[in-house]
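Asker: Dropping a prediction and its sequence here:
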Amino acid sequence: MSGNPVIVFDYVKKAYRNDLWRRKSVALSDLSFCVKEGEVFGIIGPNGAGKSTALKILMGFVRADNGIVTLMGQRPSRPSNHRNLGYLPENPCLYDNLTVTEHLRFAARCCKFSSRETSLRIEKILAQVDLIHAAHMPVRRYSKGMVQRAALALALVHDPDILILDEPMSGLDPLGRQLVVDIVREYKKKGNTVLFCSHILTDVERICSRIGIMNKGRLLTTTTPDELQEASFHSSIVSDSTTPLESFFLQTISTDMK
């Protein structure tokens, strides 16, 4: 991948106090990686690996204790960086009494779209996330998967150059997962950049340019779908039915645990 670095983590550390005795739990430990322009970079790892913490630091919601994080060459806290950035949190929180159309209209007007442009954008986005049938339904009546798709629509409404997705497949059925895959692939075709984390390894393997494996706040290694196909991984803990990425992931994590 020859594009310019868009997202950079350089020896980033983060720890949280977890009790009155001021003992700390380490969330990130010297985390270093970069995502280049036009790349789809997927981060995978067990629960507690630090994936969501890394994305929150990138969004400016959490401050790193040490290290450098840049987004388009600037600090994440710089407001202008967010103009071309779309973010889907792990646990979306929408207004129950509003419809998805009202959410999108508010977001589009905040981005200073005209009324006509707003209407066109909303119609397009609702079709992308398959919510046209629920466009005027209060969010409180949505299923978990519908809430996830509505939150994804909010991340897409201003057509950002960079997408940050935290567990985008969470709560989605196979059709919903395919919908997200198609959206990410479309972004990749346009030359845009996507950084996301997920536990659904089959989807990661299908859409990523590169894949990073995290554990205990560290990036253990990176690989590509082509490298996974070329290599053959064998392990007694992996059955013949696992995909190359599943085999590689389990071997990498089990080796790190030793």
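Answerer: Sure thing, it's come through. Numbers count the residues shown, from 1 in each chain.
Asker: Which parts of the stretch 151-258 of the chain are strands?
Answerer: Along the stretch 151-258 of the chain, the stretches classed as strands by DSSP state E, counting those that start in this stretch are 162-166, 193-197, 210-215, 218-223.
Asker: now swap in the stretch 1-150 of the chain and tell me
Answerer: Going by DSSP E, counting those that start in this stretch, the stretch 1-150 of the chain shows strands at 5-17, 24-36, 40-44, 66-71, 85-88.
Asker: hang on, the earlier thing: include mean pLDDT and distance to residue 50 when you put the strands of the stretch 151-258 of the chain into JSON lines, please.
Answerer: Bear in mind the C-beta positions are built from the backbone N, C-alpha and C, glycine included. As requested, the strands of the stretch 151-258 of the chain are exported to JSON lines (pLDDT from 0 to 100; distance: least, Cβ to Cβ, whole Å):
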{"stretch": "strand 162-166", "mean pLDDT": "96", "distance to residue 50": "12"}
{"stretch": "strand 193-197", "mean pLDDT": "95", "distance to residue 50": "10"}
{"stretch": "strand 210-215", "mean pLDDT": "96", "distance to residue 50": "6"}
{"stretch": "strand 218-223", "mean pLDDT": "95", "distance to residue 50": "8"}
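Asker: ok, residue 51 to residue 137 distance?
Answerer: Distance, residue 51 to residue 137, by Cβ to Cβ, to the nearest Å: 32 Å.
Asker: what angle separates the lengthiest helix in the chain from strand 162-166?
Answerer: Ranked by residue count and defined by DSSP state H, the top helix of the chain is helix 174-189. Here helix 174-189 runs at an angle of 150 degrees relative to strand 162-166 (axes from the mean of the first three to the mean of the last three Cα atoms, to 10 degrees).
Asker: give the contact list for residue 98.
Answerer: Neighbouring residues of residue 98 by Cβ atoms under 8 Å, 6 or more residues apart in numbering: 138, 139.
Asker: Just the pLDDT for it.
Answerer: On pLDDT, residue 98 comes in at 97.
Asker: Show me the one of the strands of the stretch 151-258 of the chain that comes nearest residue 78.
Answerer: Closest to residue 78 of those is strand 162-166 (Cβ to Cβ; 13.6 Å).
Asker: Where does pLDDT dip in the stretch 101-250 of the chain?
Answerer: Within the stretch 101-250 of the chain, the ranges that satisfy pLDDT under 70 run 231-241.
Asker: now the helices for it?
Answerer: For the stretch 101-250 of the chain, the helices defined by DSSP state H, counting those that start in this stretch occupy 115-128, 144-156, 174-189, 201-207, 225-230, 244-257.
Asker: out of residue 51 and residue 137, which sits in the busier spot?
Answerer: Taking other Cβ atoms under 10 Å, residue 51 and residue 137 do not tie; residue 51 has more neighbours (25 against 14).
Asker: excluding its backbone neighbours, what's nearest the more buried one?
Answerer: residue 197 (4.0 Å; Cβ to Cβ, 6 or more residues apart in numbering).
Asker: Bridging across strands, which residues link to that neighbour?
Answerer: Per DSSP bridges, the residues bridged to residue 197 are residue 43, residue 166.
Asker: mind listing what it touches?
Answerer: 42, 43, 44, 45, 51, 52, 54, 55, 165, 166, 167.
Asker: Could you verify my assumption that the first one touches residue 198?
Answerer: This means residue 42. Yes. Assessed by Cβ atoms under 8 Å, residue 42 is found in contact with residue 198 at 6.4 Å.
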